[in-house]
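Q: Make a model of this:
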Amino acid sequence: MSHQQFISVWDAIEDTPQEAEMMRLRSALMMALKNHMTHQGLTQLQAAQLFAVTLPRVSDLLSGKINLFDLDALVNMAAAAGLHVDIQIRDAA
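A: Numbers count the residues shown, from 1 in each chain. Have a look, this model is predicted:
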């Protein structure tokens with residue numbers, strides 16, 4: 001049995017490097033939004049109001065339903081919450 005090594009879980013489960021990178025970015029944004037909720041002590045209802053989304057949308061976020069979110073939606077939610085999203089671009093390892 002051969003053992004492959006991957007840089008991240010996304011590289012292991014996605015079909016292309018592009019898809020893996022997109023999932024990595026979406027995952028990072030979702031974790032940042034969840035952390036913001038925790039640090040601010042927000043309920044799901046308060047977070048929905050702050051993020052300018054519906055309550056079921058916040059539930060999807062907290063449940064980790066990454067396939068239901070695109071980058072635009074996550075950046076919009078972060079901006080609505082007063083978070084600044086920064087992009088770093090560097091050569092791939």
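Q: How far does stretch 73-88 sit from its chain's centre?
A: Computed by CA atoms, centre = their mean, to the nearest Å, the chain-centroid distance of stretch 73-88 equals 10 Å.
Q: so what's residue 15 scoring on pLDDT?
A: Looking at residue 15, its pLDDT is 64.
Q: meant to ask about residue 58
A: For residue 58, pLDDT reads 98.
Q: One more: residue 11?
A: Residue 11 is given a pLDDT of 50.
Q: Mind telling me what element the residue nearest to the spatial centre of the chain is part of?
A: By CA atoms, centre = their mean, the mean C-alpha position of the chain lies nearest to residue 30, the distance being 2.7 Å. In the assignment (DSSP states H and E), residue 30 maps to helix 17-40.
Q: any idea how far that helix is from the chain center?
A: For helix 17-40, the distance to the chain centre is 2 Å (CA atoms, centre = their mean).
Q: nearest residue to residue 60 other than its sequence neighbours?
A: residue 68 (5.0 Å; CB to CB, 6 or more residues apart in numbering). C-beta: built from backbone N, CA, C; applies to glycine.
Q: Measure how the one helix or strand residue 49 maps to sits relative to helix 17-40, angle-wise.
A: According to DSSP H and E, residue 49 maps onto helix 44-51. Helix 44-51 and helix 17-40 are oriented at 120 degrees to each other (axes from the mean of the first three to the mean of the last three CA atoms, to 10 degrees).
Q: Any buried residues in the helix or strand following helix 44-51, and which?
A: Counting by DSSP H and E, the next helix or strand C-terminal to helix 44-51 is helix 55-62. Buried positions in helix 55-62, judged by neighbour count with 16 or more other CB atoms under 10 Å: 57-58, 60-61.
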